[in-house]
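Visitor: Let me see the structure of the following:
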Amino acid sequence: MKYNPLEIEAKWQKYWRENQTFKTENNSEKPKYFVLDMFPYPSGAGLHVGHPLGYIASDIYARYKRHQGFNVLHPQGYDSFGLPAEQYAIQTGQHPALTTETNINRYREQLDKIGFSFDWSREVRTSNPDYYKHTQWIFVQLFNSWYNKDTDRAENISTLVSIFEAEGNANVHAVCDDQIDIITAQEWNALTADAQEQLLLKYRMTYLAETEVNWCPALGTVLANDEIINGLSERGGHPVIRKKMTQWSMRISAYAERLLQGLETIDWSESIKESQRNWIGKSVGASVFFQLEKGEAQIEVFTTRPDTIFGVTFMTLAPEHELVAQITTAEQKDAVEAYVQATSKRSERERMADVKTISGVFTGAYAVHPFTGDAIPVWIGDYVLAGYGTGAVMAVPCGDERDYAFANFFKGTVGMPEIKNIFDQDISENAYGEKGGFKLVASSFLDGLDYKAATAKVIEALEEKKAGFAKVNYRLRDAVFSRQRYWGEPFPVYYINGLPKMIDAKHLPIVLPEVEKYLPTEDGLPPLGNASVWAWNTVTNQVVANDTIDHATVFPLELNTMPGWAGSSWYWLRYMDAGNTEVFASKEALQYWESVDLYIGGGEHATGHLLYARFWNKFLKDTGFIQVEEPFKKLINQGMILGTSAFVYRLEGTNTFVSKGKINGQKVQPIHADVALVNASSELDVDGFKSWRADFAGAEFILEDSGKYIVGHEVEKMSKSKFNVVNPDDICEEYGADTLRLYEMFLGPLEQSKPWNTAGITGVSGFLKKLWKLYADEQGVLVVDEEPTKDMYKSLHKTIKKVVEDIENFSFNTSVSQFMICVNELSQLKCNHRAILEPLAILVAPYAPHIAEELWAVLGHEGSISLQSFPVFEPSYLVESAKEYPVSFNGKMRFKIELPLDLTVEQIKEIIMNDPRTIAQLDGQEPKKVIIVPGKIINIAG
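Guide: Alright, predicted model coming up:
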């Protein structure tokens, strides 16, 4: 019986598929455990060896929990809406659904080969109408809700309407738009239906608003901040500019405090928690109003240092601030407009990260200090962001390093006064930014006060003058929820008189229409503007042709689609009851599974998916559809498997490539080479390289003295563009999936990034062959039913103890090492004993399930090993019952003897003195002293 991994793996994958071994039921007396992977976007490139890392880890844990008697839900699906399929459709005309289906089939084939214990009966695809009908339904619930600060939860909009009808909005404490006019109940009831709707839009959890967005002209869509890197789109590297558009937004800001507090209740890494805390950005201070010198307008600023108000030297607005165009003087108009235009080409992240560049323009306008009446010049600067706070700051150079640098940079120019110092501290070299160690001076009624006392007193004075008030502010902004693209969830929205109306749940899903082109229309409308059948008939409740729009019974549908994070913001709930055709999940399923017990995925989603998912979960709890506040109890972020890239070196200005050892200071251009063209000795297949790309066909090569071309190497992200991708299919084909699984875990700690090195994989493959030989050889089964020796039991239970500790601590790499130690020990002990090999097969099963299943069958069992009870550690097997003593004569060790540990000193002495080796050493002489320390030493002094 020879170990044949390909044959064994195909056999057991077929068995699991046909017997639905990992199908999970919602009604079980077993305790539940929900293990979830961040589901993949099915790209055309397929999986490389870095992708399965987290999946293997979660699969080990899921299999382990099954062995422990848990009812384990371990599903998988696809985040199948996305820009790549749409970009491919634009280039080729092929419908994104066809591309996505092809890619999913490829992913499924690859995932199956690795032997995951997924419950595929619960597969979800966010681009399937039977899935996104529920995404649309959740959107409708958000639209029909508002956030009541008094109850600290979202409520149905009907409760707000009732308040308006009874008493107006004066006493409503809601998370809503700024500067809403106060109306009485009488005034509300007198409004037209459209006017009432316009007012309610200012309160709804999802609403239409003109907002500053990241617009990518090349992609024809709005991008989220986390989709932009250094001012370019993450997808394709296209320029991104800031512009104003009417967009759907969601009031995630309503949940800012609950999102912060919830972090204290979940088992996530501190780094991810800190990322979310910083993104939410809670700060305590005051809102202050500065009246403009001309006109009726005011500038509102939020400051965490209201105690420094007498140090205000100038004000700075974000270039996008709505007042900029209104207050700029004729003399400054050209300069201001040029600056605004230049700033629009930089993303907010880029502006936030750039702390060295100082730039700005004076608007020519002045504001009035609320206490002194002094004129304060108003500037614009790109270090102020329109979306954070109010988009305006009161600049206090003496107390803020950035304001200090700005004031000194523009010192002596029009509109930049001398810096005012309000601290009893020296600011000649830099600002004094501490909150302690000072008393205020030149600050009128605040003179002599410290930070705490001055803050309280100035807020009281601001409120008395109606020039400000105490406020808690959050950096977290409402999330833009519109994308100007085709391949996304359609909104269940039509418009009457320009106002949004929701389509009733019983008519969902609203399915994506067919379009001739996937680009925006010629007049700049989103791609859905190309659809000829995209209107809503309110009589038949159907999508109908656009040419039937009459604004009486047929109305235009929303042309934007939802963003990429919509479908991933609730998908774990769908897994709980994926076959339900009526609701996203039944009440019973939601109560049984509750939330995800273990979530494994990349840390790059800290301020995107992981924040949005928590937001939607909290909203669904508020509205009574689910019972838990947090969706993911424990989160682990796996590290990346990095690729080892290969580089060839082209002499600048030529098509000549010089081997690494022959560069000798020459100017060369490093170029990625396909790692498939490089052997383990770093030697390039020159002929293969010439055939690889047409522009290299005529290349010349300067070789080493050995006649070889040696490439350079660099460890970097594994990527198709760097030609350093290793396909897991190739590893499975050559070594088997169990080898791949074990090797990925063996590379290093799960949460650390580590380079892929195929050279080390043969050791893991050899280990599995050695494991197999404990059970069988070419002649047949070797297993015997004899009682194992104590050393065999010791090796097994040492391994049980280590593996259980490692799995519980997600230290999978050290488990693999322990398996190797155990198999080596058992091989030396010539162990073929059933009482050892049966539990050993179960121990190995979560890591290498295929060989474990086959060994279980070799042992004579039927069915799958996956539900067998996990071995239990027995401490008694590790308790030493005997000790090998070194026996010394006058301090020199002469021989060793093994004795039971429970012997007394007298018994040990009797055995030693009667040992022939002792008699020979003493040669008839009586010892002067016999020193015996039980369990440690024996020394005989002559």
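Visitor: Counting neighbours, what do you get for A759?
Guide: 8 (other CB atoms under 10 Å). C-beta here means a position set from N, CA and C on the backbone, and glycine is covered the same way.
Visitor: Could you do the one 5 residues further on as well?
Guide: Around V764 sit 24 other residues, with neighbours defined as other CB under 10 Å.
Visitor: That one against V816, yeah?
Guide: Yes. With contacts counted by CB atoms under 8 Å, V764 reaches V816, the gap being 7.4 Å.
Visitor: got any residues that touch both of the two?
Guide: Common neighbours of V764 and V816, using CB atoms under 8 Å, 6 or more residues apart in numbering, are L742, F746.
Visitor: At which residues are the helices of the stretch 401-550 of the chain located?
Guide: Using DSSP state H, counting those that start in this stretch, the helices found in the stretch 401-550 of the chain span residues 401-409, 451-464.
Visitor: again with the stretch 1-150 of the chain
Guide: Ranges of helices within the stretch 1-150 of the chain are 5-19, 52-67, 83-92, 96-114, 129-143, based on DSSP H, counting those that start in this stretch.
Visitor: Work out the gap between the shortest one and the centre of the chain.
Guide: What separates the centre of helix 83-92 from the centre of its chain is 25 Å, taken as CA atoms, centre = their mean, to the nearest Å.
Visitor: switch to numbering from 23
Guide: Shifting the count to begin at 23 puts that one at helix 105-114.
Visitor: average pLDDT across it?
Guide: Mean per-residue pLDDT for helix 105-114: 87.
Visitor: Equivalent analysis for stretch 536-551, please.
Guide: 88.
Visitor: Same question for stretch 839-858.
Guide: 97.
Visitor: Likewise for stretch 346-359?
Guide: Mean pLDDT, computed over stretch 346-359, is 97.
Visitor: what does stretch 667-685 give?
Guide: 95.
Visitor: Show which residues not belonging to that stretch make contact with it.
Guide: Taking CB under 8 Å, 6+ apart as the rule, stretch 667-685 contacts 688-697, 699-700, 704, 706, 711, 717-718, 720-726, 730-738, 744-746.
Visitor: Straight-line length of it, end to end?
Guide: Across stretch 667-685, the terminal residues are separated by 19 Å (CA to CA, to the nearest Å).
Visitor: How about stretch 365-379?
Guide: 13 Å.
Visitor: Could you do stretch 489-500 as well?
Guide: So stretch 489-500: terminal residues 26 Å apart, CA to CA.
Visitor: Run the chain-centre distance for that stretch.
Guide: Put simply, stretch 489-500 sits 28 Å off its chain's centre (CA atoms, centre = their mean).
Visitor: Could you give the average pLDDT over it?
Guide: Per-residue scores along stretch 489-500 average to 94.
Visitor: Okay, buried residues for the strand or helix carrying F711 please.
Guide: Assigned by DSSP states H and E, F711 belongs to helix 708-714. For helix 708-714, a neighbour-count test (16 or more other CB atoms under 10 Å) marks V708, F711, W714 as buried.
Visitor: can you check stretch 424-433 too?
Guide: R424, D425, Y426, A427, F428, A429, F432.
Visitor: same check, this time on stretch 671-685
Guide: Buried residues in stretch 671-685 (16+ other CB under 10 Å): Y671, R672, L673, F679, V680, S681, K682.
Visitor: coming back round to it: got the buried residues of stretch 424-433 as TSV, with pLDDT and distance to E372 columns?
Guide: Output for the buried residues of stretch 424-433, formatted as TSV (pLDDT from 0 to 100; distance: CB to CB, whole Å):
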residue	pLDDT	distance to E372
R424	94	16
D425	96	21
Y426	97	23
A427	96	19
F428	97	18
A429	97	23
F432	98	22
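Visitor: if we take those, which one ends up nearest to P514?
Guide: Nearest to P514 among those, counting by CB to CB, is R424 at 45.2 Å.
Visitor: What's the separation between the closest one and N430?
Guide: Note on R424: its distance to N430, by CB to CB, to the nearest Å, is 11 Å.
Visitor: before we move on, the earlier item: same list, the helices of the stretch 423-572 of the chain, but as TSV with distance to M935 please.
Guide: Listed next are these as TSV, based on distance: least, CB to CB, whole Å:
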stretch	distance to M935
helix 423-431	83
helix 473-486	82
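Visitor: quick one, which of those helices is nearest to R763?
Guide: helix 423-431 (51.1 Å).
Visitor: Nearest the middle, which residue of the chain would you pick?
Guide: Among the residues of the chain, the one closest to the centroid is H627, at 2.5 Å (CA atoms, centre = their mean).
Visitor: That one: what's it in contact with?
Guide: If you count contacts by CB under 8 Å, 6+ apart, H627 has them with M60.
Visitor: Can you list phi and psi of it for me?
Guide: Dihedral pair for H627: phi -90, psi 10, per degrees, to the nearest 10.
Visitor: What of G458?
Guide: Backbone torsions for G458, taken as degrees, to the nearest 10, come to phi -140, psi 170.
Visitor: any idea how far G317 lies from V515?
Guide: 38 Å.
Visitor: and those two? which has more neighbours close in?
Guide: Neighbour totals were compared for G317 and V515, and V515 leads with 23 against 11 (other CB under 10 Å).
Visitor: need the contact list for that one.
Guide: P522, K523, M524, I525, L579, E580.
Visitor: where are the low-confidence patches of this protein?
Guide: Residue ranges of the chain with pLDDT under 70: 248.
Visitor: list the buried ones in stretch 442-462?
Guide: K442, N443, I444, F445, I449, A453, Y454, F460, K461, L462.
Visitor: Quick one: end-to-end distance for it.
Guide: Stretch 442-462 has an end-to-end distance of 12 Å (CA to CA).
Visitor: List the neighbours of it that are in contact with it.
Guide: So stretch 442-462 is contacted by 329-330, 332-335, 418-423, 425-426, 441, 463-465, 468-473, 476 (CB under 8 Å, 6+ apart).
Visitor: Quick one: buried ones out of those?
Guide: Counted by 16+ other CB under 10 Å, those give 329-330, 332-335, 418-422, 425-426, 441, 465, 468, 471, 473, 476 as buried.
Visitor: ranges for the helices of the stretch 173-322 of the chain?
Guide: For the stretch 173-322 of the chain, the helices defined by DSSP H, counting those that start in this stretch cover 179-189, 207-212, 215-223, 278-284, 292-302.
Visitor: That should have said the stretch 623-772 of the chain, apologies.
Guide: Secondary structure of the stretch 623-772 of the chain (DSSP H, counting those that start in this stretch): helices located at 631-644, 708-714, 750-756, 759-768.
Visitor: Specify the local secondary structure of P399.
Guide: Using DSSP: H, G, I helix; E, B strand; the rest coil, the structure places P399 in strand.
Visitor: what about it, how many neighbours?
Guide: 21.
Visitor: Give the bridge partners for it, please.
Guide: Beta-bridge pairing of P399 under DSSP bridges involves Y388.
Visitor: rewinding a little: so which of the buried residues of helix 708-714 would you say is closest to V480?
Guide: Using CB to CB, the buried residues of helix 708-714 come closest to V480 at W714, 69.9 Å.
Visitor: Enumerate every residue touching that closest one.
Guide: A695, D696, L699.
Visitor: If we use 7 Å, what do you get?
Guide: By CB atoms under 7 Å, 6 or more residues apart in numbering, W714 lies in contact with D696, L699.
Visitor: Distance check, it against T676.
Guide: Following CB to CB, the distance that separates W714 from T676 is 18 Å.
Visitor: And for V826?
Guide: When V826 is compared with T676 (using CB to CB), they lie 61 Å apart.
Visitor: cool, and N247?
Guide: From N247 over to T676 (counting by CB to CB), the distance is 43 Å.
Visitor: Determine the three-state secondary structure at S891.
Guide: Strictly by three-state DSSP, S891 counts as coil.
Visitor: what sits against the closest residue to it other than its chain neighbours?
Guide: Sequence neighbours aside, H89 is the residue nearest to S891 in space, at 6.4 Å (criterion: CB to CB, 6 or more residues apart in numbering). Contacts for H89 were tallied using CB under 7 Å, 6+ apart; they are I864, Q890, S891, F892.
Visitor: Which of the residues you listed ranks first by neighbour count?
Guide: In terms of neighbours by other CB under 10 Å, the contacts of H89 top out with F892 at 21 neighbours.
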